[in-house]
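Enquirer: below are the sequence and a predicted model; questions follow.
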Amino acid sequence: MTKQQEGQLRQWVAEGKEQRFYTMAAWKHAREVTLRLDRYECQKCKARGRYTKAVLVHHVKHLKDQPELALSLYDPETGKRQLISLCKRCHEEEHPDSQTPFACRNKPVTQERWD
């Protein structure tokens, strides 16, 4: 990651606009490299002995906490993977705080409820 890209990412994080990072060509390339390396298999499911197709790439050290590692496949401090492929369910397990339930906006038409 160049210093300019890192500076831009830090600015987006400060402004709460880190989603912009995921539109960058550099991220799209790093994502594809990670998925290919992991053979499009969810690494958490694989560790549990089952196969699930990976659709997302997860930052082990979160983007907001370590923006300098945003495009790094490996963590230079530990030598362990920084980007891993995950299925949607496992990614949601990693980010339970971001899974907000949808509240019903309208009052029910009748008293009878099926939820």
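Expert: Happy to help now that I have it.
Enquirer: list the contacts of E94.
Expert: H58, L86 (C-beta atoms under 8 Å, 6 or more residues apart in numbering). In short, each C-beta sits where N, CA and C put it, glycine included.
Enquirer: switch the cut-off to 7 Å
Expert: Contact partners of E94, counting by C-beta atoms under 7 Å, 6 or more residues apart in numbering, are H58.
Enquirer: per-residue confidence for it?
Expert: Looking at E94, its pLDDT is 91.
Enquirer: and it, what are its phi and psi?
Expert: Dihedral pair for E94: phi -70, psi -30, per degrees, to the nearest 10.
Enquirer: could you do Y74 as well?
Expert: phi -120, psi 150.
Enquirer: quickly list what it is bridged to.
Expert: Here Y74 shows beta-bridge partners R81, assigned using DSSP bridges.
Enquirer: need the pLDDT of it.
Expert: For Y74, the model assigns a pLDDT of 96.
Enquirer: all strands of this structure, in order?
Expert: Under the criterion DSSP state E, strands of the chain are mapped to 56-59, 83-86.
Enquirer: give me whichever of those strands is most buried.
Expert: strand 83-86 (a mean of 24; mean count of other C-beta atoms under 10 Å).
Enquirer: strand partners (parallel or antiparallel) of that strand?
Expert: Using DSSP bridges, the strands paired with strand 83-86 are strand 56-59 (antiparallel).
Enquirer: need the residues that contact the strand it pairs with.
Expert: The contact list for strand 56-59, computed with C-beta under 7 Å, 6+ apart, reads R31, T34, L35, A70, Q82, L83, I84, S85, L86, K88, H91, E94.
Enquirer: which residues touch the second one?
Expert: By C-beta under 7 Å, 6+ apart, T34 lies in contact with V57, L73, L83, S85.
Enquirer: got it, and the third one?
Expert: The neighbourhood of L35, defined by C-beta under 7 Å, 6+ apart, consists of A54, V57, S85.
Enquirer: export the contacts of T34 as CSV, with columns for distance to L63.
Expert: Converted to CSV, these look like this (distance: C-beta to C-beta, whole Å):
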residue, distance to L63
V57, 11
L73, 15
L83, 11
S85, 16
